[in-house]
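J.: Structure, please.
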Amino acid sequence: MNHRDQEKLLKEILPAEDMSDFRSVSLECGLTGLRRERRRRHVVRFNVALVVILGSIGLLVHSRNESQNKRAAIQAVSQPAPVAVAANHVDFINDDQLLAYFTNEPVALIGKPGEQRLVFLGKADESSEQF
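T.: Numbering: from 1, shown residues only. I've put the predicted structure just below:
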């Protein structure tokens, strides 16, 4: 059916005065449908943007929690175990007490006081001469 046939059929079905009412009703229905479609597109776009924003915030919070958990684990591993106070205590001994530990060996303290070194004066072992 071509365009002329369609117009002829419409003129036969609808009188001329009803044609203007039909056109205005048809126009209103079309505009209402277009507005509804436009509103639906806006709602869909808004929801997609909202999902993207909320997803980004969720990933940011999740990665921040993960990095804090990793940091806490690293700190827990890297921190030395608490040591008893007695382990940090060092008893200093004087020269006579040091020499008393080596009563059966010939030793000497050589150097200025405070910079002295303990030197063993005994014979070398046969096992050490082989090297």
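J.: how's this structure carved up into domains?
T.: Residue ranges of the domains in the chain are recorded as 3-78, 91-123, according to automatic domain parsing.
J.: Please identify the buried residues of the shortest one?
T.: Yep, that's domain 91-123 we're talking about. Across domain 91-123, burial judged by 16 or more other CB atoms under 10 Å covers no residue at all. Where C-beta positions appear, they are placed from N, C-alpha and C, glycine not excepted.
J.: what about it, average pLDDT?
T.: Throughout domain 91-123, pLDDT has a mean value of 83.
J.: Just give me how far it sits from the chain centre.
T.: Between the centre of domain 91-123 and the centre of its host chain there is 57 Å, according to CA atoms, centre = their mean, to the nearest Å.
J.: average pLDDT across the lengthiest helix in the chain?
T.: Ranked by residue count, the top helix of the chain under DSSP state H comes out as helix 16-78. Averaging pLDDT along helix 16-78 yields 86.
J.: residues near residue 4, how many?
T.: Around residue 4 there are 8 other residues, counting by other CB atoms under 10 Å.
J.: Look up how far residue 10 lies from it.
T.: 11 Å (CB to CB, to the nearest Å).
J.: Repeat that for residue 95.
T.: Between residue 95 and residue 10 the distance is 127 Å, computed by CB to CB.
J.: Residue 118 should be in a helix, yeah?
T.: No - secondary structure assignment (DSSP: H, G, I helix; E, B strand; the rest coil) places residue 118 in strand, not in a helix.
J.: Roughly how far does residue 113 sit from residue 94?
T.: Using CB to CB, we find residue 113 at a distance of 11 Å from residue 94.
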